[in-house]
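Peer 1: Got a sequence here, can you model it:
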Amino acid sequence: MPYINVKMTHEDGGATKEQKEKLSKGITELFSEVFGRGASSAVVLIEEVSTDNYAIGGKTVTTIREEQKKN
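Peer 2: Model (predicted):
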């Protein structure tokens, strides 16, 4: 059983239910196409991470977004 974990930042209210379903369907179809298995048993987990809990280059994404708005 394939287990596919997608992590993304939670921004602007986060992804909608519809977006998550479309993403899950597309990932499942692509996995099945590439590996020839798993479409009926694939598990897709989507985790939305707060921008306060995600850092790049020592700065949280929240801080990076704030700095981008100033420029």
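
Peer 1: all helices for this protein, in order.
Peer 2: 17-35, 61-70 (DSSP state H).

Peer 1: can you list the ones you listed in CSV and add mean neighbour count and distance to V49?
Peer 2: The way it works is simple: take the backbone N, C-alpha and C, and place the C-beta from them, glycine included. Formatted as CSV, those follow (neighbours: other CB atoms under 10 Å; distance: least, CB to CB, whole Å):
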stretch, mean neighbour count, distance to V49
helix 17-35, 13, 14
helix 61-70, 12, 9
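
Peer 1: With mean pLDDT and distance to N5 as extra columns, can I get those helices in CSV?
Peer 2: Shown next, in CSV, are the helices of the chain (pLDDT from 0 to 100; distance: least, CB to CB, whole Å):
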stretch, mean pLDDT, distance to N5
helix 17-35, 97, 10
helix 61-70, 95, 19
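
Peer 1: Dump those helices to CSV, plus distance to L45.
Peer 2: Formatted as CSV, the helices of the chain follow (distance: least, CB to CB, whole Å):
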stretch, distance to L45
helix 17-35, 9
helix 61-70, 20
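
Peer 1: so which of those helices gets nearest T9?
Peer 2: For the helices of the chain, the distance to T9 is smallest for helix 61-70, at 5.6 Å, taking CB to CB.

Peer 1: how many other residues sit next to N71?
Peer 2: N71 has 4 neighbouring residues, counting by other CB atoms under 10 Å.

Peer 1: ok, back up a step: mind checking which of the helices of the chain is nearest A42?
Peer 2: Across these, closest to A42 is helix 17-35 (CB to CB), at 4.6 Å.
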